[in-house]
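*Asks:* Got a predicted structure here, sequence first:
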Amino acid sequence: MTVACIDLAGTTVADGDTVESAFAEAIATLGIVSGTAAYDRALARFRDARGGSKIGLFRSLFDEARAQVVNLAFERSYDQLVDRHGLKPVPGADDALRRLRGAGVRVCLLTGFGRNTQARILDTLGWWDRADLTLCPEDVPRGRPWPDLVLTAALRLGVDDVRHIAVCGDTANDVLCGRRSGASIVAGVLTGAHSHDRLRGAGATHILPSVATLPDLV
């Protein structure tokens, strides 16, 4: 293994309900609120699409103009929630990133968030020096579950064989992205959005209790 492509929220960053709360606040700007059928449908779509591009999710729910409005509202709500509650790494995540890089494995931190939200996370945790590369949906033609994020990491980091890549994430979309890229390790972790069965069903090669054990696997 020469490169590890690792997700942020739910994988290395303890999510709690921050992302879902930001989503609920964002769609409320369009009058879609709890207790309505439209809210239930949107929330079900959100939960199913965890790990994928957020702007892609909003485009699947709304026309382009409203998708852009809701995406901006989501980013604003997420920032405000971080201001109020802060962010914490998943226990052992910081050490895992250090161990991987200390062993000569280059780290790419991936996300379905837009660049502004990704930057806010890295700023808050002081993690800019934990990765050799950071990528978000704005850097690729297609977000997860398509393989573009991992393949772009392979190109930018000069990987000579996609089988030398390890992918780690907490959602089915993370796993699908890794499998479609040809990575030989595609590990699902149980600290985030999706269950053991959901991750295994998406094709995870390994199920880990958390990203803290990824260095041992790699």
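*Replies:* Thanks, I have the structure now. Numbering: from 1, shown residues only.
*Asks:* Return the distance of stretch 186-197 from the chain's centre.
*Replies:* Its chain's C-alpha centre and that of stretch 186-197 lie 12 Å apart, by Cα atoms, centre = their mean, to the nearest Å.
*Asks:* oh sorry, the question was meant for stretch 178-197
*Replies:* Chain-centre distance of stretch 178-197: 11 Å, with Cα atoms, centre = their mean.
*Asks:* For the residue nearest in space to the middle of the chain, what are phi and psi?
*Replies:* With distances taken as Cα atoms, centre = their mean, the chain has Thr111 as the residue nearest its mean C-alpha position (3.6 Å). Note on Thr111: its backbone torsions stand at phi -160, psi 160 [degrees, to the nearest 10].
*Asks:* Can you tell me the closest non-neighbouring residue to it?
*Replies:* Spatial nearest neighbour of Thr111, excluding adjacent residues (Cβ to Cβ, 6 or more residues apart in numbering): Leu8 at 4.5 Å. All C-beta atoms are positioned from the backbone trio N, CA, C, and that covers glycine.
*Asks:* Please list all residues in contact with that neighbour.
*Replies:* Shown in contact with Leu8 (Cβ atoms under 8 Å, 6 or more residues apart in numbering): 109-111, 113, 118, 121.
*Asks:* Could you check how far Gly114 is from Gly102?
*Replies:* Distance, Gly114 to Gly102, using Cβ to Cβ, to the nearest Å: 30 Å.
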